[in-house]
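Asks: sequence plus predicted model, see below.
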Amino acid sequence: MTQKEFIQRLPKAELHLHIEGTFEPELMFEIGRRNGIKSRFQTIDALKEAYNFHNLQSFLDIYYEGAGVLIHERDFYDLTMAYLTKCHQDNVVHTEIFFDPQTHTDRGVAFATVYNGIRSALDDAKAKWGITSEMIMCFLRHLSEAEAEKTLDQALPFKNGIKAVGLDSSEVGHPPSKFKNVFARAMRFGFLTVAHAGEEGPPEYIWEALDLLKVKRIDHGVRAIEDQKLMERLVKERMPFTVCPLSNIKLCVFKKMEDHNFKKLLQAGACVTINSDDPAYFGGYMNANFIETARGVGLTNEDLKVVAKNSFEASFLPLEVKQKWFKAIDQL
């Protein structure tokens, strides 16, 4: 069996996936046409060319522009179901997806429209393929904490269907401490917490996410390796890192996959996982990330089994379900 075939057979949980970041150009064009929204890109090829950005901000510019065609529940359903189809193809059996309500509510789209469209697709994928899932609502860190508070208020009627709150968008200059109060209030309502930290931002942001936001996972976290005390703490606490290797290359966090520190983190005993982040923009869904990471940093099949187990350990699944997947991975 080739490693590619092994990766295909490996059950996986995806824990760092922005649903708006799964928007393939063809679907974006189709939904835009359906909703009568004119794009500044005249062809799909021109739109695809715009996906060749050079840093986080230039990516975010096209990301938010693309999200502007999403208006109706059906749009969010189609977007989510397209991603879940990829999950089924890549043997991703559990996914915990980020969604950015502020990207849509700021355009006049109702929170319920966003939530219901995504939720319907997740429910249908479970019925059709057995894929389990959770929803994680992210606050946009380039906006104010007051704006995040409003979004939390909008989410409360749907809190039974939203497992956690997160923090995403432009990291540098927007430390986790900026959102300390809204995260504290979210926790009082029973939400778990996660946060992007240590991708472009410094290790200090990871400390803040841990101590001020009380996160259950660090999204990205690759710069933790620059701080030995931080690494010791993260390893001791089994704090998961939701690493996104192809994303890190595309956004120039590392120049090439061979330079990525994923294997160093794994060898240090960190609970590292592989995820696709914004796969429509970053060149690959889950299996592509596994294949390219394994090839680039030299991961064995045994390494990949550890990474897959980490993904279930780090998930918000019940313990008995985690153990079922641990056993399935051991039998490969």
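Replies: Arrived safely, thanks for sending.
Asks: was I right to think P101 contacts D153?
Replies: No. P101 is beyond contact range of D153, at 11.2 Å (criterion: C-beta atoms under 8 Å). C-beta: built from backbone N, CA, C; applies to glycine.
Asks: out of the two, which sits in the busier spot?
Replies: More crowded of P101 and D153, by other C-beta atoms under 10 Å: P101, with 23 against 11.
Asks: okay, that one and A184: tell me how far apart.
Replies: 20 Å (C-beta to C-beta, to the nearest Å).
Asks: now do R34
Replies: From R34 to A184 the distance is 41 Å (C-beta to C-beta).
Asks: and the helices in the stretch 1-150 of the chain?
Replies: 3-9, 25-34, 44-50, 56-67, 73-90, 101-105, 111-129, 145-155 (DSSP state H, counting those that start in this stretch).
Asks: could you pull up the mean pLDDT of the first one?
Replies: Confidence for helix 3-9, expressed as mean pLDDT, is 98.
Asks: repeat that for the longest one.
Replies: Over the span of helix 111-129, the pLDDT mean works out to 98.
Asks: chain center to it: distance?
Replies: Mean-position distance between helix 111-129 and its chain equals 17 Å (C-alpha atoms, centre = their mean, to the nearest Å).
Asks: one more: the third one?
Replies: Between the centre of helix 44-50 and the centre of its chain there are 23 Å (C-alpha atoms, centre = their mean).
Asks: and for that helix, what's in contact with it?
Replies: By C-beta atoms under 8 Å, 6 or more residues apart in numbering, the surrounding residues in contact with helix 44-50 are 25-26, 28-29, 39, 41, 62.
Asks: export it as PDB, just CAs?
Replies: Provided in PDB are the C-alpha atoms of helix 44-50 (Å, rounded to 0.1, in the frame of the first residue of the first chain):
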ATOM      1  CA  ILE A  44     -13.700  31.900 -13.600                       C
ATOM      2  CA  ASP A  45     -10.100  31.900 -14.700                       C
ATOM      3  CA  ALA A  46      -9.700  35.600 -13.700                       C
ATOM      4  CA  LEU A  47     -11.200  34.700 -10.300                       C
ATOM      5  CA  LYS A  48      -8.800  31.800  -9.900                       C
ATOM      6  CA  GLU A  49      -5.900  34.100 -10.700                       C
ATOM      7  CA  ALA A  50      -7.000  36.300  -7.800                       C
END
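Asks: buried sites along it?
Replies: Using 16 or more other C-beta atoms under 10 Å as the test for burial, helix 44-50 gives 47, 50.
Asks: which secondary structure state does T242 sit in?
Replies: Following DSSP: H, G, I helix; E, B strand; the rest coil, T242 is assigned to strand.
Asks: count of residues packed around the closest residue to it other than its chain neighbours?
Replies: Nearest residue to T242, sequence neighbours excluded (C-beta to C-beta, 6 or more residues apart in numbering): H16, at 3.6 Å. H16 is flanked by 31 other residues according to other C-beta under 10 Å.
Asks: also P176?
Replies: Neighbours of P176 using other C-beta under 10 Å come to 26.
Asks: for K178, same thing?
Replies: So K178, with other C-beta under 10 Å, has 18 neighbours.
Asks: just checking, it touches L143?
Replies: No. In this structure, K178 is not within contact of L143 by C-beta under 8 Å, at 9.9 Å.
Asks: residue ranges with poor pLDDT in the stretch 201-332 of the chain?
Replies: The stretch 201-332 of the chain contains no residues with pLDDT under 70.
Asks: that one: helices as residue ranges?
Replies: Counting by DSSP H, counting those that start in this stretch, the helices of the stretch 201-332 of the chain are 203-211, 228-236, 245-250, 262-267, 279-282, 286-297, 301-313, 319-330.
Asks: list the contacts of A224.
Replies: Contacts of A224 by C-beta under 8 Å, 6+ apart are 198, 203, 206, 218, 230-231, 234, 241, 265, 270.
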